[in-house]
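Q: Would you be able to build a 3D model of this:
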Amino acid sequence: MKTKLRRDIALFLALASAASLGAAGVSCSSNGGGGSSATQGTGGAGASGSGGSAGSAGAGGEGGDFIGSGPNPNGPFLDFPAGPQIDMGVPAQAPELFQGTPAQPQGGPCVAEPPMEALVPTNWTPLRFEWIAPAGHNVFELRLGVDNQVNELVVYTTTTSYTIPADIWSGLAGHSAGRDIKMAVRSAQIDGGQLVAGPFVGTEGVVHVAPVAAPGSIVYWTTGAPGSGKTALKGFSIGDTQVTTVLSPEIVGGDTTCVACHASSPDGALSFFTRDASIGTRTVSARKVDGTAALPTEMQVSAVALGLLGRNKQTAPTLSGAHYTAQDAVAITVMFDPALTGNRYELAWTDLHAQDPATGWGILPRVGDGRAVVASPTWWHDGTTIAYTTAPAGGEGVITGISDADTTMDIYTVPFNNRQGGNATPLPGASDPAFVEFYPVISPGDTLLAFNRFAPYKADGVNWADSYDEPMAEVLVVPAKGGEAVRVAGNDPPACVDRKSPGLTNSWPRWAPSAEGFNGKKYYWLTFSSKRRDLNNPQLFVSGVVTTVQADGSEVIDKTYPALYVTSQVPEENNHTPAWDVFQIEPPQ
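A: Here you go, the predicted structure:
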């Protein structure tokens, strides 16, 4: 029953938003990073400002059901308990010592998660607070307050993290949606029941509970624990506390050695993914994500189409809801072949209902873009346009590089035009000659485009840095029709953790499948991977992007928010290249 309900919800979201993510993953050659601590992850800090016009309004209706509940949405509510919560091992005298002793105005813990000013969806996993403790401090006081709650939540603990209990979080997220959680943490050294030092004031600030939920499910590529090389696609629905394995070489079977670059079918039933085989081939395949890993039916993807996708050197699939029907279903991939593409990386279309391999595919013409490498396509949900990275060097459908002769790595758009292509042109704001831009992805409603960029440099003094696993990469957002690029606040961890971007490999942004409207605002969500936790392995984060809807229906970026750490993922694994869509995945067991 639970699985059926989740699928019904996913299908409803798919139909309501008419959205699909053209998300792809990087190649199986990643070597990833190290491990991670469960108590010292970091997020972003500060909200960043406004940008240019973002085109027409995105998907998602205007609503108010998430604000409060019952006959009195303003409360007051009793979700927070009246008395302090005292963890085992905390000295009995701790509350009295903290409350009865004037605090030093600084020198306390640095809150690393959630970052202050973060925006939290109402259906997020129970919110976890993590902080970095000064040496010698062994008891901590955490206070949380909301203006429509009767009580503060006061916690005393000897650990450097605290997760709001699920029942409290559920009530709080419903009753206090659209409000701020005021947070303060202090620390002290208490030995033998006596106050040795402190209390010391640490981080103080607010975390915003969004007035809306975040939809869908995230499926991401993991290369497993450092050195394991165990690739898999794992996933979770927003709010899950654990992940489930969706696909792996063992599940796919045969001679499969790696699963990687992936995208959802617009109905969430299939994952189109890159498959490596033991004979050295790299192709695209499709499987159901419902736990069976079965091949698609002939009605979904014909055997001929699977054969066309299964030709060697084909990667980075993307699809559009406008071209995923019983009459017209198409996948776009990046293809390389000495004969068929003339030793160039080209955008290839494949008719998913093809019955004749001779007519079931073709190259999408890119008039005006003569570069030999394209990568990382993303397809507008209305089916009209494809954005991609163009560069003089690269490979594998997701890697792009530059040279001394040509330092241009830009994002271009080209019309689909019923498989006929057309003029390929640089996207203003994502084709700045001072930067290299890559990994584009279109938002729900075809309103915004997120991408990565960095200033070109020679990593070793000789060779130019490319797009792959690039430490200097940052995430930006630009109107889908072009305009001023906005650097998202989610790039930055809190200042007190002393880790700075560029330098954190903030990579591979992907949008949630729909954007909910409330009080003239649109709430978008971005996920991306970042090496900002303790042992610098890639982990997933989620950041809010809010727009203001203008009278003519266009949107202007109002604010971007610091990024939340995804606590459901396995912290010791290397987790990259998420796809966020209405995947109909099985819940964790």
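Q: What is the neighbour count of residue 358?
A: Applying other C-beta atoms under 10 Å, we find 7 residues neighbouring residue 358. All C-beta spots, glycine's among them, are computed from the backbone N, C-alpha and C.
Q: Please tell me how far it sits from residue 304.
A: Per C-beta to C-beta, to the nearest Å, residue 358 is found 10 Å from residue 304.
Q: go on, residue 268?
A: Distance of residue 268 to residue 304, given as C-beta to C-beta: 24 Å.
Q: Just want to know which of these two has more residues nearby.
A: For residue 268 and residue 304, the more surrounded residue by other C-beta under 10 Å is residue 268, and the numbers stand at 24 against 21.
Q: Could you pull up phi and psi at the nearest residue to residue 275 once chain neighbours are set aside?
A: Distances taken as C-beta to C-beta, 6 or more residues apart in numbering place residue 285 nearest to residue 275, at 4.6 Å, with adjacent residues excluded. Backbone torsions for residue 285, taken as degrees, to the nearest 10, come to phi -130, psi 180.
Q: so residue 285 makes contact with residue 272?
A: Yes: proximity of residue 285 to residue 272 meets the contact threshold set by C-beta atoms under 8 Å, at 7.5 Å.
Q: Find residues that contact each of these two.
A: Residues touching both residue 285 and residue 272 (C-beta atoms under 8 Å, 6 or more residues apart in numbering): residue 309.
Q: Please say which of the two ends up with more neighbours.
A: Neighbour tally, residue 285 and residue 272, criterion other C-beta under 10 Å: the higher count belongs to residue 272, 27 against 23.
Q: any idea which element that one lies in?
A: Per DSSP states H and E, residue 272 falls inside strand 270-277.
Q: could you say what helices and strands that strand packs with?
A: Counting contacts by 3 or more C-beta pairs under 8 Å, 6 or more residues apart in numbering; DSSP states H and E, strand 270-277 is packed against strand 244-247, strand 256-264, strand 282-288, strand 314-318.
Q: Go through those strands and pick out the most buried.
A: strand 314-318 (a mean of 29; mean count of other C-beta atoms under 10 Å).
Q: which other residues reach that strand?
A: Residues from elsewhere that reach strand 314-318 (C-beta under 8 Å, 6+ apart): 22-24, 27, 261-263, 272-274, 282-284, 309, 331-336, 348, 375-379, 386, 396-398.
Q: Select only the buried ones of those in ChimeraX?
A: Applying 16 or more other C-beta atoms under 10 Å to the contacts of strand 314-318 leaves a buried subset, and the ChimeraX line that selects it is:
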select :22,23,24,27,261,262,263,272,273,274,282,283,284,309,331,332,333,334,335,336,348,375,376,377,378,379,386,396,397,398
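Q: Show only the entries of the contacts of strand 314-318 found in strands.
A: Among the contacts of strand 314-318, the members found in strands (DSSP state E) are 261-263, 272-274, 282-284, 331-336, 348, 375-379, 386.
Q: got a list of what residue 389 touches?
A: Counting by C-beta under 8 Å, 6+ apart, the residues that residue 389 touches are 374-376, 400, 409-412, 437-440, 467.
Q: out of these, who's nearest residue 477?
A: Closest approach to residue 477 among those (C-beta to C-beta): residue 440, at 10.7 Å.
Q: Quick check: the closest one vs residue 106, distance?
A: 43 Å.
Q: Looking at the two, which is more packed in?
A: residue 440 (26 against 8).
Q: Identify the residues contacting that one.
A: Residues counted as contacts of residue 440 (C-beta under 8 Å, 6+ apart) are 376, 378, 387-389, 411, 427, 430, 449-451.
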